[in-house]
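A.B. asks: Structural data only, the sequence is not supplied:
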C-alpha cells in the first residue's frame with residue numbers, strides 16, 4: 001500500500017510533506033488545485049476506466065493493471081477523505097456556476113480576487129458563499145413568484161361572469177375532517 005501511494009504521489013507531483021492545517025480560503029484553494037491537476041493528469045494519460053475509478057496501464061513498469069479510486073488519490077496526495085471532501089465542496093461545480101467571482105479566482109488564483117478571498121478565513125468564505133447562493137435563490141424565487149402572481153391575475157381577468165355556480169366550485173372539495181355517522185344516516189342504508 002505505502003509503496004503504491006509513494007509511486008502515485010510522484011506520478012501526480014504530490015506534496016513531499018504533510019499539509020499544514022488550512023486556515024484560509026487560499027490554503028483550501030491550493031489543495032483543491034492539487035486534486036484537480038492530479039485528476040486531469042490521470043485522464044490525460046488515459047488512466048481512467050470506463051466503469052469508474054482508475055487503472056495503471058498494463059504496459060507500465062510499476063504496478064501494471066493495479067486499479068485504484070479517488071480515495072487512493074487523496075491518500076497519495078497526503079489528504080484525508082474529509083479534507084478532500086471539504087475542499088471539493090467549497091469549490092463545487094454548483095458554487096463555480098453560481099458565483100462568478102469565485103470561479104474567476106479558481107481560474108486565476110493569483111489574479112485580482114486573490115486579495116479578496118486568499119486570506120479570508122474558511123468560515124467567512126463559507127458565509128460569503130452561502131449569502132451569494134441564498135441571494136441567487138431569492139432572485140429566482142422572487143421572479144417565479146412575480147410571474148405566478150401575474151399568471152393568476154390573468155386567469156382572474158379572463159374568467160367571465162356568466163359561469164354557473166357549479167363551474168365556479170373547486171374541482172376537489174377540501175376535506176373538513178372525518179364524516180360522522182349518526183342514527184339518522186342508518187335509515188338511509
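C.D. replies: Now that the structure is in, tell me what you want to look at. None of these values were measured; they are calculated from a predicted model.
A.B. asks: Could you count how many residues lie near residue 47?
C.D. replies: Neighbour count of residue 47, defined by other Cβ atoms under 10 Å: 19. C-beta coordinates here come from the backbone N, C-alpha and C atoms, glycine included.
A.B. asks: Would you check how far apart it and residue 36 are?
C.D. replies: From residue 47 over to residue 36 the distance is 15 Å, taken as Cβ to Cβ, to the nearest Å.
A.B. asks: And residue 79, its phi and psi?
C.D. replies: When read as degrees, to the nearest 10, the backbone of residue 79 gives phi -120, psi 150.
A.B. asks: likewise residue 54?
C.D. replies: phi -140, psi 160.
A.B. asks: Contacts only, for it.
C.D. replies: With contacts defined as Cβ atoms under 8 Å, 6 or more residues apart in numbering, the neighbours of residue 54 are 42, 47, 48, 67, 68, 69, 72, 73.
A.B. asks: Now the two most distant members of those.
C.D. replies: 48 and 72 (13.5 Å; Cβ to Cβ).
A.B. asks: Settle it for me: which of these two has more neighbours?
C.D. replies: With other Cβ under 10 Å as the criterion, residue 48 and residue 72 differ in neighbour count, and residue 72 comes out ahead with 17 against 14.
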